[in-house]
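Trainee: This is the structure alone, sequence omitted:
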């Protein structure tokens, strides 16, 4: 297995050297989309990029200047593997808004909450172990689970989030099959992509079921403070300290460009997380952590979150009214927070095979298949309203409607597209437009 | 295996849930030291923190302000998984200083080169696979290899770096044993902790041997531009595009607080690296990448590297003259670049067991055992001269000498410490003081 040495070859001389897990790594549908969706003529309803234009950039610029000038010798240096203690203190205050009582020692700062997902998976998953997750579930988490060769088993959601009875049935079945279930991965607030939230009433029930089955809960909560019409619901972590690993992020409440997220974990797990993080990156960026500390110290960050909520509510309204006007054949839920509308296409349409035609019409979305481990979801698509302006959202949905109309015409003439829709587990749309 | 739910317990309810690799994660000796060495009264000759005080902080502060103000909507947003294209273009220019000809498409930006190490290991290492590395080798790399359950086999170095004959003998032996050797991990310039560099003459020989055995070369080069008395030597990557993965970093030539490093890899491997990085962190920090772009665009970064070289040379001189004055019983190499002096203790002394006594005397170092996979190295210690001032370095070595003297006295009275020194593979010290 000598490696040819020279430029220009597109063959892979190292193919035989890869680890087993590397063969499972494949490009996500979101990744391929990003390159397309970045073209200015395309209205992207695909990505989950927050609306950074709403930030007070002048104020942030001046803060950043001051922190380099006054604290540069620390801010530009290596830091602690667990993350800056001052920032961890701030993070406990942010989490208190969702009822969480934690000590800064419990917090591990990570390179976005994505890194926390990766570390937790690395610590708990041997190849073939099971992760239980909502149906559908966040595509970036599924990518991490796949990279570590986990098996993901989906559990039904409804308008009140994960269904406790379905969770219990699934855990019972998996136990009887002798499968090793390591954790439940859940996005309890303003679900990505489902848009729904786990009701307060169900939260202790979900925790009780997981505790009974010895299954850890991995609570991923990037959107919890971005509700439109109600106060934050207490986090699962606020109800169980030993049974939950909680993941938070500044990417949606402040800015993703710093890549700062965090994990809160039971003590022994937290120690493993720090070790795994040190192996992965030595330490998170001090420059980023200090920028976020300065923002939390000096800016009206809670006022800014309120502004974000209003901006996103306006965009959600634009998207829902455009859907009502242009694609009444579809159905969807009306999210009351977060970034996403989960749209069910009319019978016979396939979101995955329709995507290239949509891009030709200069609009992009994420097909539902990206949010399942098992190829389900072709009858759904995720539309994001976080980034484009209301006008662009309306124009994007209008373009999408021309694609849907043409597809419906094709279905009327030639019959149903193979592989579309079908008898898959369905995520009901609670608020039909 | 129900998990007890409640605060305060120090038992680990999730012990049975960990992945196999998590049981192998343990605190590095460097980690434990960092918390001690951070106390202001301790002279730390332990860490590899660069001398950030030498940077033009006012200029950097103003640049940072301008970039948030003028490019904030991009700099604070999510970016590309592979890294910012403009920064990748800059990186190719930095690498050209060491003879590397690469296209920006070949570069993957990572969260420090530590993340690149982690990603390469993730892609190539199945449990039990072998990594061949210098004896001694970088502690942070050993931590990554351990976390992925690799086995590390050390190969001898001498004053000209890795010994080709020793490499060939080791690869031959491993092949005859049926072991799967995935890559050679090497720090060819100003080795950490060895301080030596791989001679120009040996570089093609090392590459030829690895090619013949089908073994990839992982070239880790954070210090290549930090030579005191000579121009950079052509990188291994400049001599082989398909056989080498090259890792670079801005942590030592600019500032580690941004956590920006990179990998250059053969095309197919590069694609896997991007996928693995997206699973791990989604994308590297735009804020950090834009700060580095601004610095490379507007600051005299090559002039700054020249200043760093002069500062580090002065500190090396301070350390060597202090060693000559205070610890003449030891032996060491005189590095002509980088951050480290690798010191062999007088016979009978054990750097690991001596460390607590050194810390009591308010001086810290890293015992040689940290740099071996197999417990060797107790007769050596690594002294870093990068961070403390020349005066502090002299004081640190003086304190160290009192510990060494007391240990020698103990050995004279009670005999050799069990487990010290011995017949381990020895890394000769080419320039005995």
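Mentor: Received it, and whenever you're ready, just let me know what you need. Just so it is clear, the structure is predicted and the values come from calculations on it, not from any experiment.
Trainee: alpha carbons only for contacts and neighbour counts from here, please
Mentor: Will do.
Trainee: Which elements pack onto the host helix or strand of residue A:70?
Mentor: Assigned by DSSP states H and E, residue A:70 belongs to helix A:57-75. Contacts defined by 3 or more CA pairs under 8 Å, 6 or more residues apart in numbering or on different chains; DSSP states H and E place helix A:57-75 against helix A:286-298, helix B:57-75.
Trainee: how many degrees apart are that helix and helix B:57-75 in direction?
Mentor: Using axes from the mean of the first three to the mean of the last three CA atoms, to 10 degrees, one finds that helix A:57-75 and helix B:57-75 are set 130 degrees apart in direction.
Trainee: Which elements pack onto the helix or strand following helix A:57-75?
Mentor: Counting by DSSP H and E, the element after helix A:57-75 in chain order, helix or strand, is helix A:85-96. Helix A:85-96 makes packing contacts with strand A:107-111, helix A:286-298 when contacts are defined by 3+ CA pairs under 8 Å, 6+ apart.
Trainee: Out of these, which is the most enclosed?
Mentor: Mean neighbour count (mean count of other CA atoms under 10 Å in any protein chain shown) peaks for strand A:107-111 among these, with a mean of 29.
Trainee: picking that back up, pipe the helices and strands packed on helix A:85-96 into a markdown table and attach mean pLDDT and distance to chain B per row.
Mentor: Formatted as a markdown table, the helices and strands packed on helix A:85-96 follow (pLDDT from 0 to 100; distance: least, CA to the nearest CA, whole Å):
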| stretch | mean pLDDT | distance to chain B |
| --- | --- | --- |
| strand A:107-111 | 98 | 6 |
| helix A:286-298 | 97 | 5 |
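Trainee: closest to residue A:326 out of these?
Mentor: Closest of these to residue A:326 is strand A:107-111, at 40.0 Å (criterion: CA to CA).
Trainee: How many residues are close by the closest residue to residue A:58 other than its chain neighbours?
Mentor: Excluding the flanking residues, the one nearest residue A:58 by CA to CA, 6 or more residues apart in numbering or on different chains is residue B:69, at 5.8 Å. Applying other CA atoms under 10 Å in any protein chain shown, we find 18 residues neighbouring residue B:69.
Trainee: could you check the distance from residue B:69 over to residue A:60?
Mentor: Going from residue B:69 to residue A:60 by CA to CA, to the nearest Å gives 8 Å.
Trainee: Residue A:321 too?
Mentor: Residue A:321 sits 35 Å away from residue A:60, going by CA to CA.
Trainee: okay, the two: which has more neighbours?
Mentor: A side-by-side neighbour count of residue A:321 and residue A:60, using other CA under 10 Å, places residue A:60 first with 21 against 15.
Trainee: Now do the strands in chain A.
Mentor: A:43-44, A:107-111, A:130-135, A:151-158, A:161-162, A:181-186, A:216-220, A:244-249, A:260-264, A:331-332, A:340-344, A:363-364, A:366-367, A:380-384 (DSSP state E).
Trainee: Would you convert the helices and strands packed on helix A:85-96 into TSV that also reports distance to residue A:353?
Mentor: As requested, the helices and strands packed on helix A:85-96 are exported to TSV (distance: least, CA to CA, whole Å):
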stretch	distance to residue A:353
strand A:107-111	34
helix A:286-298	40
